[in-house]
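Trainee: my questions concern the predicted model and sequence given below.
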Amino acid sequence: MIIEERENQIVLKEVDDFNPVHIFDCGQCFRWTKENDGSYTGVVKGKILNVSKNGQEIVLDNTNLKDFEDIWYEYFDLARDYSSIKKELAAHDKNLSDAVDFGWGIRILQQDGWEMLISFIISSNNRIPMIQRAINNISERYGQEIGEYKGKTYYSFPTPEQLSKASIEDLRECKTGFRDKYIFNTTKDILENELDIQDFLDMDSATCHKELMKFQGVGAKVSDCIALFGMRKYDSFPVDVWVKRVMQEFYDAEDMSLPKMRKYGMDLFGEKAGFAQQYLFYYVREMEIGK
DNA sequence: TGTCAGGTCCTCA
DNA sequence: TGAGGACCTGAC
């Protein structure tokens, strides 16, 4: 990978496994919006970034070399060799190989654990546009104004302290629905017990999964998503309706319960279960396989 | 008008 | 343990 600094931009050349569409549309994040020109704009760590693919180049707009080194290199997981991961997964079986070919540019973003916790609580029994809207409402009301980009104002995701200013009714007004009390209680839980989200990153996967489920509104699936996308637990295997479908279509899994399906997937793909899940999930959802 | 969506919680056996 | 129902919301 070659890194080139231009005016207010960083350009990445010769990146093998990086496609903004795959990365931002594979269901791992909710705060990147697609612009009319096909690029994506989002907010991370108080910075607004726009990402586009121009031929073989990846263009990161509205940034500089320092922020690239401090934030974006880690956020986009650029130290990881996705080619070798894909090679290993593709060798596992034909279906996974097809899924990897289809979503070749997926990378698992290293997102903020606290933001993932609240975001995936909102995701339960919900649709993606509604999830995005609720998170945006929360950010606009309780986060901090970051600035403008191409005429639009952007806000940071609120800290636990900032979000604690919201009542259950306030959260309902943000269109979180019946999850309002889950968010309220989880936020209160963190502040009152002085829980540090960073501690979850140091836990082993099983402990992390179990501890996350102690928060109200966090069941097995949501816990796995938070662990995978916010806590670097790459052996997590979130099982939702889509993954259940793919396991039955591709892997002869019988109609088993979700906890059993979770174990089935973790046993099947081992320490790379999270990566396998992402390629499979993106593949079946885009192709609407098994629906 | 009824169903359904990237689940979780609660209740009851 | 496991099954069954309720649950905000809004798009079809």
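Mentor: Arrived safely, thanks for sending. Note that the structure is predicted; figures quoted are calculated from it, not measured.
Trainee: which residues sit in contact with the residue nearest to residue A:19 when sequence neighbours are not counted?
Mentor: Sequence neighbours aside, residue A:105 is the residue nearest to residue A:19 in space, at 2.3 Å (criterion: Cβ to Cβ, 6 or more residues apart in numbering). No exception for glycine: its C-beta is placed from N, CA and C like everyone else's. For residue A:105, the contact set (Cβ atoms under 8 Å, 6 or more residues apart in numbering) comprises A:17, A:18, A:19, A:20, A:21, A:22, A:23.
Trainee: just name the shakiest helix or strand of chain A by mean pLDDT.
Mentor: Every helix and strand of chain A was ranked by mean pLDDT, DSSP states H and E. The lowest is helix A:241-250, at a mean of 88.
Trainee: list the buried ones in that helix?
Mentor: Neighbour counts using 16 or more other Cβ atoms under 10 Å place A:242, A:243, A:244, A:245, A:246, A:247, A:250 of helix A:241-250 among the buried residues.
Trainee: over to the residue nearest to residue A:19. Which of the three states is it?
Mentor: coil (DSSP: H, G, I helix; E, B strand; the rest coil).
Trainee: and it, what's its pLDDT?
Mentor: Turning to residue A:105, the model gives it a pLDDT of 98.
Trainee: ok, residue A:38 touching residue A:51?
Mentor: No: between residue A:38 and residue A:51 no contact is recorded; they are 10.3 Å apart, counting by Cβ atoms under 8 Å.
Trainee: picking up where we left off before, so is the least confident helix or strand of chain A next to DNA strand B?
Mentor: Yes: between helix A:241-250 and DNA strand B, judged by Cβ under 7 Å from any atom of the strand, the touching residues are A:241, A:242.
Trainee: any idea how far the residue nearest to residue A:19 is from residue A:24?
Mentor: Taking Cβ to Cβ, to the nearest Å as the measure, residue A:105 and residue A:24 are separated by 10 Å.
Trainee: so which helix or strand takes in the nearest residue to residue A:117 once chain neighbours are set aside?
Mentor: The spatially closest residue to residue A:117, leaving aside those adjacent along the chain, is residue A:226, at 5.4 Å (Cβ to Cβ, 6+ apart). Taking DSSP states H and E as the criterion, the element that holds residue A:226 is helix A:220-230.
Trainee: got the angle for that helix vs helix A:241-250?
Mentor: 100 degrees (axes from the mean of the first three to the mean of the last three Cα atoms, to 10 degrees).
Trainee: buried sites along stretch A:138-149?
Mentor: Within stretch A:138-149, the residues that count as buried by 16+ other Cβ under 10 Å are A:138, A:139, A:141, A:142, A:143, A:146, A:149.
Trainee: what does residue A:288 show for phi and psi?
Mentor: The phi/psi pair for residue A:288 (degrees, to the nearest 10) reads phi 50, psi 40.
Trainee: count of neighbours near it?
Mentor: 9 (other Cβ atoms under 10 Å).
Trainee: phi, psi for the residue of chain A found nearest DNA strand C please.
Mentor: Of all residues in chain A, residue A:177 sits closest to DNA strand C, at 2.1 Å by Cβ to the nearest atom of the strand. For residue A:177, the backbone dihedrals are phi 70, psi -140 (criterion: degrees, to the nearest 10).
Trainee: tell me the secondary structure at the closest residue to it other than its chain neighbours.
Mentor: Across the structure, with Cβ to Cβ, 6+ apart as the measure, the residue nearest residue A:177 apart from its sequence neighbours is residue A:126 (7.4 Å). Remark: residue A:126 carries the secondary structure label coil [criterion: three-state DSSP].
Trainee: wait, what's in contact with residue A:126?
Mentor: Neighbour list for residue A:126: A:134, A:177, A:179 [criterion: Cβ under 8 Å, 6+ apart].
Trainee: show me what contacts the closest residue to residue A:142 other than its chain neighbours?
Mentor: Setting aside the residues directly before and after it, residue A:142 is nearest to residue A:158 in space (Cβ to Cβ, 6+ apart), at 3.8 Å. Contacts here follow Cβ under 8 Å, 6+ apart; on that basis residue A:158 touches A:138, A:139, A:142, A:143, A:144.
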